[in-house]
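Structure, please.
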Amino acid sequence: MIRSMTAFARQETRGDWGVLTCEIRTVNHRYLEPSFRLPECLRGLENDFREQLRKQLKRGKVDVSLRLHASDQVQHSFAIDVPLTQALNDAAKRISRILDNPAHISALDILRWPGVMATPEQDYTEAKAAATSLFEQTVNELVAARTREGERLLAILEQRLVAIHAQVADVRERMPQLLEAQEQQLRERFEKAKIELDSERIAQEMVMLAQKSDVAEELDRLDAHVAEVRDTLASEDAVGRRLDFLMQELNREANTLSSKSIDAGLTRAAVDLKVWIEQLREQVQNIE
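Numbers count the residues shown, from 1 in each chain. Alright, predicted model coming up:
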């Protein structure tokens, strides 16, 4: 079963600590390349997340975004360092007695002093457990989305493979007629040039023509590559790289077929083959 590298998944969970939202986007890439945007309090989970992605995904550029919206109770709680505040106040009073025209120091001025106001250390144990579970759910949703997209890609690929196979069969069937037509054209050129027809000379020319226009090997390889693509698509492993290689091989045979063309119809057939192969290649770029 093939899987696409392009997908999106989003999951959300809530608790007394707040709301967690996880989003994962993936696009095609030659290798597995994950990147993470995590809240600082959950940064320690990144290595575990990376390991889980390696188990589930083989290729693709993966963007993971995990957002934590803390509950109001957590967001608005803070602590005052009373001894430091008292010391600052005493120091301000002493300075005021020394100065001729002291400026008034407000409570806000003292709060701005480093260390006076601090957010108490929060216990994120429950949030971390929830984030781990949420990430697993989101990855599973992502894999399911990539699988569904892979099924759609498989139908498109099979259509192109059927077209290529049919075109190869058509060219193979027409080749004897094309060679016969080429022999007739050769005889007509000899007659038009008033050259005495020499059966041995015609035989030599036809052998040379047959060698130049022999595409049986290319047709056989095209059929073999199509069969190999189908076998690869049936594999349970990540097959994107192998499919990409097979697309190169298919394109090479189509180019050779085009270079040996002896007929406008054969040229059109080669062009059609290259178009279908390119369409295949574009879809294969998205396969894991």
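
Would you mark the buried spots in the strand or helix carrying T85?
Using DSSP states H and E, T85 sits within helix 82-98. When neighbours are counted by 16 or more other Cβ atoms under 10 Å, the buried residues of helix 82-98 are found to be 84-85, 88. Heads up, the C-betas are built off the backbone N, CA and C, glycines and all.

I'd like those as CSV, with distance to C41 and pLDDT appended.
Listed next are these as CSV, based on distance: Cβ to Cβ, whole Å; pLDDT from 0 to 100:
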residue, distance to C41, pLDDT
L84, 25, 82
T85, 27, 83
L88, 30, 80
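
which ones are touching Q11?
Neighbouring residues of Q11 by Cβ atoms under 8 Å, 6 or more residues apart in numbering: 21-22, 134, 137-138, 141.

Give me the distance between the host helix or strand of it and the centre of its chain.
Secondary-structure assignment from DSSP H and E places Q11 in strand 7-15. Its chain's average C-alpha position is 21 Å from that of strand 7-15, according to Cα atoms, centre = their mean, to the nearest Å.

Kindly report the same for stretch 236-244.
In terms of Cα atoms, centre = their mean, the gap separating the centre of stretch 236-244 from the centre of its chain is 12 Å.

measure that stretch end to end?
Distances were taken as Cα to Cα, to the nearest Å; on that basis the terminal residues of stretch 236-244 are 17 Å apart.

Just the buried residues of the contacts of Q11.
Burial by neighbour count, judged by 16+ other Cβ under 10 Å, picks out 21-22, 134, 138, 141 from these.

Packing partners of the helix holding T85?
helix 107-111 (3 or more Cβ pairs under 8 Å, 6 or more residues apart in numbering; DSSP states H and E).

pull the CA atoms of the helix it packs on into CSV?
As requested, the backbone C-alpha atoms of helix 107-111 are provided in CSV (Å, rounded to 0.1, in the frame of the first residue of the first chain):
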residue,chain,number,x,y,z
ALA,A,107,4.9,50.2,43.3
LEU,A,108,5.0,49.6,39.5
ASP,A,109,8.6,50.8,39.5
ILE,A,110,9.5,48.3,42.2
LEU,A,111,7.6,45.5,40.3
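
Okay, buried residues for it please.
I110.

which other residues reach that helix?
With Cβ under 8 Å, 6+ apart as the test, helix 107-111 has contacts from 85, 88-89, 92, 116-117.

ok, the nearest residue to D48 once chain neighbours are set aside to R43 distance?
In this structure, D48 finds its nearest non-sequential neighbour in T132, 6.9 Å apart by Cβ to Cβ, 6 or more residues apart in numbering. The span separating T132 from R43 equals 13 Å under the rule Cβ to Cβ, to the nearest Å.

Of the two, give the one with the bigger neighbour count.
The residue with the greater number of neighbours, taking T132 and R43 and applying other Cβ atoms under 10 Å, is T132; the counts read 15 against 11.

pretty sure the more buried one contacts N47?
No: counting by Cβ atoms under 8 Å, T132 sits too far from N47 to count as a contact (11.9 Å).
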